[in-house]
Each structure stands twice: as C-alpha cells, then as structure tokens.
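Task: produce atomic coordinates for the following.
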Amino acid sequence: MIRKILSLPTLAFCFTLGSAFFAGCNEDYIKDTKVRWSNVKNPEYGDPINITLKAEGETFTTMGDYPWISFRSDVSTLDTFTSHSFSEADKDTAYYKDIVIYLTRNKRERTTTLKLVAPPNRTQQPKQFDFSIGVTPLGTYIFKVRQPALPAKAQ
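Below is the predicted model of the structure:
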C-alpha cells in the first residue's frame with residue numbers, strides 16, 4: 001500500500017502540483033511588491049532603470065514607495081557596499097569610484113530613498129556602472145547609471 005502511494009508517478013504528480021501552486025504565489029508577490037520610483041521612468045518587470053548624472057556633478061534622489069529594499073550583489077558592479085539586516089540599521093552605503101550611493105529605509109512612512117552623490121567627472125572617460133536593489137519578498141530592480149566626462153575646456 002505505501003509503495004503504491006510513494007510510487008514515482010505519484011511523487012512526480014505531487015511535485016508538479018506543488019510547483020504550480022508556488023509559481024502562482026510568486027506572481028502575487030511580484031504584483032504586491034512592485035515599487036513605484038519618483039522622478040524616474042518606472043520600468044516593466046525585469047527592465048532596468050536608467051539614470052544619467054550630470055558631468056558637472058549632481059546629487060540625484062529618487063524615492064520608492066516600499067520600505068523593504070536593500071542592495072544585492074548579483075548584478076552590481078559597485079566597488080564596495082555595506083548592507084545591514086533590516087532590524088539593525090535603516091541606511092546602507094555603496095561606492096563606485098568616487099560616487100556614493102545611499103539607501104535609506106523609512107519603515108514608518110513605508111518608503112525607501114535612494115540618493116546618488118557624484119562629484120564632477122574629470123577623468124576624460126564616462127563612468128558607467130550597474131547595481132541592483134532587492135525587494136523583499138522576491139523582486140529586483142537594476143539601475144544603470146551613466147555620468148559623461150566633462151568637456152576638456154570645462155576642466
């Protein structure tokens with residue numbers, strides 16, 4: 001009797017049902033955790049958010065309407081980043097060359113602020129980097145940042 005219940009076709013059927021159930025739940029999580037960002041073009045799921053910083057330097061700020069956001073390392077080309085668990089600290093910091101990225105969570109207001117502080121780019125080369133933000137549960141936003149170089153006359 002137990003062998004008939006635990007047969008390979010029965011286990012495969014149960015696995016398929018369980019996978020279908022959790023796949024359906026995943027769509028609900030993604031819909032529930034879609035973040036709306038201020039002053040940027042909000043992407044379709046999976047598309048990057050493009051940010052172009054001024055060559056003269058700029059502090060760029062965008063705000064997301066969800067508090068459970070943190071840096072992720074899987075897509076990031078950042079030099080370093082410091083990330084804390086949500087119970088320890090509400091501010092994370094990352095660096096790409098001399099550009100500083102702050103991620104500040106405000107649980108009371110249910111928002112997250114992303115701030116990029118870039119000095120003038122005097123390197124004669126444009127700066128380009130990607131970083132990813134993870135949303136709990138189950139979401140990722142990829143930011144593609146570009147800062148052109150200052151023209152030779154302006155340096």
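
list the contacts for the nearest residue to E58 once chain neighbours are set aside?
Distances taken as C-beta to C-beta, 6 or more residues apart in numbering place A118 nearest to E58, at 5.4 Å, with adjacent residues excluded. Placement of C-beta: from N, CA and C, glycine included. Under the criterion of C-beta atoms under 8 Å, 6 or more residues apart in numbering, the contact partners of A118 comprise L53, K54, G57, E58, T59, F60, D98, I99, Q147.

The residue positioned nearest the centre of the chain: what's it in contact with?
For the chain, the residue sitting closest to the mean C-alpha position, by C-alpha atoms, centre = their mean, is I133 at 1.5 Å. Listed by C-beta under 8 Å, 6+ apart, the contact partners of I133 are I69, S70, F71, R72, L103, L114, T140, Y141, I142, F143.

How about L103?
With C-beta under 8 Å, 6+ apart as the criterion, the residues that contact L103 are I69, S70, F71, K91, D92, T93, A94, T112, T113, L114, I133.

again, only using 10 Å
With contact set as C-beta atoms under 10 Å, 6 or more residues apart in numbering, L103 has these partners: 64, 69-71, 81-83, 90-94, 112-115, 131, 133.

And it, which helix or strand is it part of?
Taking DSSP states H and E as the criterion, the element that holds L103 is strand 99-106.

mean confidence score for the helix or strand just after that strand?
Remark: after strand 99-106, the chain's next helix or strand is strand 111-118, criterion DSSP H and E. On average, the pLDDT along strand 111-118 is 94.

Quick one: work out the angle between strand 111-118 and strand 99-106.
Computed by axes from the mean of the first three to the mean of the last three C-alpha atoms, to 10 degrees, the angle separating strand 111-118 from strand 99-106 equals 170 degrees.

Any idea what the closest residue to D79 other than its chain neighbours is bridged to?
Distance criterion C-beta to C-beta, 6+ apart; nearest residue to D79, sequence neighbours excluded, is Y95 at 5.0 Å. When assigned by DSSP bridges, Y95 has beta-bridge partners T80, V100.

so Y95 touches I101, yeah?
Yes: in terms of C-beta atoms under 10 Å, Y95 counts as a neighbour of I101; the distance is 7.2 Å.

Spit out the residues that contact the two alike.
Taking C-beta under 10 Å, 6+ apart as the contact rule, Y95 and I101 both touch L78, F81.
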